[in-house]
Structures are given as C-alpha cells and as structure tokens.
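Peer 1: Structural data only, the sequence is not supplied:
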C-alpha cells in the first residue's frame, strides 16, 4: 500500500510538485464548486426545472477544461523566472474575471430572468460612470460582500493556504525527490483535453428544443462561455438591420410643422410620466388594488385608454415615442440623444414654434443615458433635473432619484414665471423605479401578497399617486388647472416573476407592455370616456394636437388620435430593449412573441388568457409563425432605416 502511494505521488509529481498541486487546486476546486452552485441555484429557480448533469454539463465541461488548461500551463512553465511569474499572475487575473462574470450573471438572472451576454456588457462598459449608481443600488450588499470575499480568496487564498502547509511540501519533496518533470508533450496533452472539454461547453448545435420549457440555450451555457460566444457572434455577424436594406429612408414626419386652424385654442399641455408603472398596478385598471385612489377619481372625469401599450420597455425609448409620436430606434444605445438623433420634430419643439414655453422636470439624475441631451432633442428649452434641486428634507426612492415631491418647488417657481403665456411641461416621476425604496406612502400592502418586492413596488405606486394629487393641487392654486391638458401615462411595466422575469427591458408579456394612459382636460373632456382599440405611446402626439386644434402639414405621424375610434385591424409592434431578445405583436386579441430562437415562439389569446398562461403556438403551422416573425423583422428594419437617415 505504501509503495502504491509513492507511485501515485510520483506520477502526480510528473506534472506538478506537491507545492504546485496545493497552490493550483486550492483555487480551482473552490471555483468549480462556486460555478456549479450558482448554476444549480439558477436552474432551481425556474418553475418546473431541476438541476441535472444534462442542464449543467456546459459548466462541468468548462470547469474541467479550465482546470486542465492551467495544470498544463503550470507544468510547462519553468519553476522560476519571469515566465513562471507571468503564469501565476495570469492564473489569478483570469480567475478573478471568471468569478466576476459568474457572479454578475447570477445576479443579472435574478433581476431579469435572462442570461448575461456580451451585448449587455458592451452597452454598459463605456458608461461605467452612469451605470455605477445602477450597480451599487440594485445589487444587494450581500452580493457585493460575496464578490469581494471571492476575489480576496482568488488573490490571496492559494498563497495563504500553501504557506500554511509548507511542512507538508517539505515532506512531499523528501518522499518523491528526484522525480523528473513532465515533458512538453505531456502539457500539450493536457491542453488538448482542455480544448475538447471547452468545445463541449459551447453546446454547439444546441437549440431551445433540446431543453425543458423555461430554459434557453444561453441560460444553460456556462456564463463565461456565453459572454465569450455572444461576443464572437456579435463580431462575426453582419448588421441584421441593414441586410437587404442598404438605402436609408426619410421619416414621413421629418419635415412636419403645425398650422393653426379656426379650432386652435392654446391650452397648456402637461405630460406626467409615471415611472415603471404597469396598468395592473393602478386602481383604474385593477379595482382590487387600492394603490392609486387619486388617479382613480381623476379617471372618472377623463379619457382612459383600456388597451394602451408602451413601444419599448425602457424609459428613454418610451419617452421618444411619447414626445415625438414615433417608434424609437430599436437598438440598445440611446442614439436619440445624439445630435440629429431623432428623425422627426417632437411635440415640445412643434409647440415652441407656436409660441409655447417648454420645461422638463425630473426627480432623478440627468447623467444616466445622457438624458440631458435627449430632453434637448425633444425641444424643451428649460431643464430641471435632480442636480438643480435642493435635496434637503427629501428621501431617496431608488439608486438615482429622490421622492417626486422634490419637483414641486421648482415647478411652482417656473409656472409663476410664465404668467399668462401658454406652456408645455413634462414631469418625469421616479418613485416606481427599482429598487423600490419608497418611504411610507399610506398604502396598506395586501395581506395576500407573499412577494416582498411587489409590496414595496405597490408602496411606490401610492407615493406616485400622492405626488400626482399634490401637483394637480398646485395647478389649481395657481389658477392654471382649468386651461391645462394633463396626459398621465406609464412608460413601461414591471415584472415580478410572473413569467420568470423581473424589472423591465426584456419582458414581452402584459406585465411589461401594458401601461396606463389617462388624459384629463377640464372643460374639454367631460365624463367617463373610454378608448377600446389597441393604442400606444405614438398616439399621444396626434391626440394632443387635435385637442389644441392644430393640423400637421408637410409630414405624417404614425399614431392615431384617441378622440376617434381606432381601426380594428390596427396591429401593434414591440421590441425588447436589449437587441435580439424578443419582438412582439398584438393583432386583435392575439399576441405573438418571437424570442430569436432562444426559446419557442409563443401565441396567446388575450381575451381568454389575459395573464398569458396558455401558449397556443402549437396550434399554428410553421408557415403562419414564420409570417408573423417576418412582419416583426420587417417592421424593425423599417424603423431603424429612418434613424440611419437621421444620423442615429
């Protein structure tokens, strides 16, 4: 038995010394455990899915390949000198990177229900200053602590552990002293095995049909592998938006101007932007929730759109549709904030040309996603972001904003300066945005709710409602209420796990897409008016212009005025914020969702299944599904072509 132990020890010594084995495995073994544990946690959180070797094999193969790669490098490198030191430094640096990616992927999945990919990282890296508040605010302290502990161990753990058992190294050296070093061919064999395992970790040729419902290829892949692979795909794939569409297209509203008519009445226009507010979370759209009693009372004397939707589930993109009456650029970067980044005149600019003063207020920072330049492109003259406001006495409600009451003081001062001149103002609220830190709002959480995040969010809905009441009171006190059109809308919804997805950006379901729209115009809209047809953010501009009595000349906007019946055959098209995640259409009562092949297409009958639980896609032929997919891709191409023409 002793002789066999010596033989095994001697064989292992061919590759690494006892000290090297301790040093490398003290880092590699914890990394494997960490990687597999987080993957198992992700899989276990998906309804109807349990961790298994089949679903975790990408991680297993990656981990085996990673171990063999470094064993081969350590075995081939001289035991002393600059090459050896370079291998050690690279060993720790790459492992730190893997730990960061694996941990970030886990947290990203918890927030969004999707896999972290290269596109997300590429979008955020250039704007770390702006993204910093998002990361520090939305990631729990426990996760930061976990990352710091893991990085600390990766950097110092192997050295401390090896040092603590140095006596064992001396014993090991005496027992197997004189054993020869492994040849370069031996290291090459280890690297070849590492390459084979790494290749298997890519899951080449795999598709959604190979996995249980609720999982995706990108989600099953090892996170580090998925980031690398999606980066390679991004670099090697031609721009899909320009394939077969080399010519750019001028937007039909590119040269639009306003013409007064005999019906023109210069009423004030106020846009009230309810952040992250899904329709279901408000009382007018869901009487079982007493979250927004003021809005509910207001709706009884207003126009309410019953089937109202966002265009893209992201604040900046939705703001483009509301302010400019067009679909936003269907790419991740906020190109609309660049010079000439919007291909058509926006409502503030159009009204400014008619003698209106314009102002934009927001309770959040101006830095994130270059909102200052975006507001400028909308045509607003005066801009009041959080940086211009006194925060004393006000509390934070999320990682980049304060409670919305902080806008009341600047709003009153600006309104008083306008005198009797007509104006347009927008108020971008922030309380509804994650991470839902709203102070006591007077809302009593439903006892039936077992979702802490949802309860916190509903508190924020009440806080927004309280601000809305205070703002309307301000207009009444200043004598402006009777001559003002108030447009109150949600920019996008919010997910709380209804389909395994959280927050917003990439939720192609009703909780992400359907939002409230209430237009309150004292003396102009009376009673309880309801709009039944499918409508979206592009309809606000034509509706407001008709209410003011203006006609558009030299251009045409795509939306419909909600003062008239909407054509029954009108389809709505939507896109996820992150590219190549999803496209969606609603025609009549049917909603179709295209997931870019990451999972099966879906179809829901919203009249019978408003929460989208019963997928009907299996009842349709592949030709029918392909036709709907092609309609969405053509729509995306048409929209993006107009932004290319505009310089976006």
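Peer 2: Sure thing, it's come through. Given the structure is predicted, the values throughout are model-derived calculations rather than measurements.

Peer 1: and stretch 288-299, what's its mean pLDDT?
Peer 2: In this model, stretch 288-299 carries a mean pLDDT of 94.

Peer 1: can you give me the end-to-end distance of it?
Peer 2: By CA to CA, to the nearest Å, the extent of stretch 288-299 from end to end equals 16 Å.

Peer 1: and what of stretch 423-436?
Peer 2: Stretch 423-436: ends 32 Å apart by CA to CA.

Peer 1: and what of stretch 276-289?
Peer 2: 16 Å.

Peer 1: Show me what counts as buried in that stretch.
Peer 2: Across stretch 276-289, burial judged by 16 or more other CB atoms under 10 Å covers 276-286, 289. Glycine gets a C-beta too; all of them are placed from N, C-alpha and C.

Peer 1: quick one: the helices in the stretch 51-200 of the chain?
Peer 2: With helices called from DSSP state H, counting those that start in this stretch, the stretch 51-200 of the chain shows them at 53-76, 82-112, 118-124, 128-138, 141-164, 166-175, 184-201.

Peer 1: Touching stretch 466-485 from outside, list them.
Peer 2: The contact list for stretch 466-485 (CB atoms under 8 Å, 6 or more residues apart in numbering) reads 267-270, 272, 292, 294-295, 298, 403-405, 407-408, 411-412, 415-416, 427, 429, 431, 441-442, 486, 488, 519-524, 544, 547-548.

Peer 1: Distance from the chain centre to it, please.
Peer 2: Going by CA atoms, centre = their mean, to the nearest Å, the spacing between the C-alpha centre of stretch 466-485 and its chain's C-alpha centre is 33 Å.

Peer 1: got it, and stretch 621-628?
Peer 2: Centroid separation between stretch 621-628 and its chain, computed with CA atoms, centre = their mean, is 28 Å.

Peer 1: Show residues contacting that stretch.
Peer 2: Stretch 621-628 has contacts (CB under 8 Å, 6+ apart) with 585, 592, 594, 601, 603, 617.

Peer 1: Let's have those in a markdown table, adding distance to residue 59 and neighbour count.
Peer 2: Shown next, in a markdown table, are these (distance: CB to CB, whole Å; neighbours: other CB atoms under 10 Å):
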| residue | distance to residue 59 | neighbour count |
| --- | --- | --- |
| 585 | 36 | 19 |
| 592 | 33 | 25 |
| 594 | 28 | 23 |
| 601 | 28 | 20 |
| 603 | 33 | 19 |
| 617 | 30 | 16 |
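
Peer 1: So which residue is dead centre in this structure?
Peer 2: residue 505 (3.5 Å; CA atoms, centre = their mean).

Peer 1: which ones are touching the residue lying closest to that residue once chain neighbours are set aside?
Peer 2: Using CB to CB, 6 or more residues apart in numbering and skipping the chain neighbours, the partner closest in space to residue 505 is residue 577 (4.1 Å). The neighbourhood of residue 577, defined by CB under 8 Å, 6+ apart, consists of 312-314, 317, 332, 504-506.

Peer 1: Make a ChimeraX selection of whichever of those turn out to be buried.
Peer 2: Here is the ChimeraX selection string for the buried members of the contacts of residue 577, based on 16+ other CB under 10 Å:
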select :312,313,314,317,332,504,505,506
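
Peer 1: Turn the contacts of residue 577 into CSV, columns for distance to residue 53, pLDDT and secondary structure.
Peer 2: Listed next are the contacts of residue 577 as CSV, based on distance: CB to CB, whole Å; pLDDT from 0 to 100; DSSP: H, G, I helix; E, B strand; the rest coil:
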residue, distance to residue 53, pLDDT, secondary structure
312, 39, 95, strand
313, 36, 93, coil
314, 38, 92, coil
317, 41, 95, helix
332, 35, 81, coil
504, 34, 82, coil
505, 32, 83, coil
506, 29, 85, coil
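
Peer 1: Pick out whichever of the contacts of residue 577 sits closest to residue 74.
Peer 2: The shortest gap between residue 74 and any of these belongs to residue 332, at 40.2 Å (CB to CB).

Peer 1: how far away is that closest one from residue 227?
Peer 2: Look at residue 332 and residue 227: by CB to CB, to the nearest Å, they are 16 Å apart.

Peer 1: and what of residue 635?
Peer 2: As judged by CB to CB, residue 635 and residue 227 stand 29 Å apart.

Peer 1: got it, and residue 59?
Peer 2: 14 Å.

Peer 1: Residue 260 now?
Peer 2: Using CB to CB, we find residue 260 at a distance of 55 Å from residue 227.

Peer 1: Of those two, which one has the most company?
Peer 2: residue 227 (25 against 13; other CB atoms under 10 Å).

Peer 1: Please name the residues that touch residue 153.
Peer 2: Applying CB under 8 Å, 6+ apart, the residues contacting residue 153 are residue 30.

Peer 1: can you list the domains in this protein?
Peer 2: 2-236, 257-646 (automatic domain parsing).

Peer 1: Now render the ones you listed as TSV, adding distance to residue 249.
Peer 2: Compiled in TSV, the domains of the chain are given as follows (distance: least, CB to CB, whole Å):
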stretch	distance to residue 249
domain 2-236	25
domain 257-646	4
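
Peer 1: rank those by mean pLDDT and give me the bottom one.
Peer 2: Mean pLDDT is lowest for domain 2-236 among the domains of the chain, at a mean of 73.

Peer 1: correct me, but the residue nearest to the centre of the chain touches residue 576?
Peer 2: Yes - contact criterion CB atoms under 8 Å: residue 505 and residue 576 qualify, at 6.6 Å.

Peer 1: what residues do those two have in common as contacts?
Peer 2: residue 313.

Peer 1: Packing partners of the host helix or strand of residue 585?
Peer 2: Using DSSP states H and E, residue 585 sits in strand 583-587. For strand 583-587, the contact count by 3 or more CB pairs under 8 Å, 6 or more residues apart in numbering; DSSP states H and E identifies strand 571-575, strand 590-594, helix 622-646 as packing neighbours.

Peer 1: Format those as a markdown table; extra columns: distance to residue 64.
Peer 2: Formatted as a markdown table, the helices and strands packed on strand 583-587 follow (distance: least, CB to CB, whole Å):
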| stretch | distance to residue 64 |
| --- | --- |
| strand 571-575 | 39 |
| strand 590-594 | 36 |
| helix 622-646 | 38 |
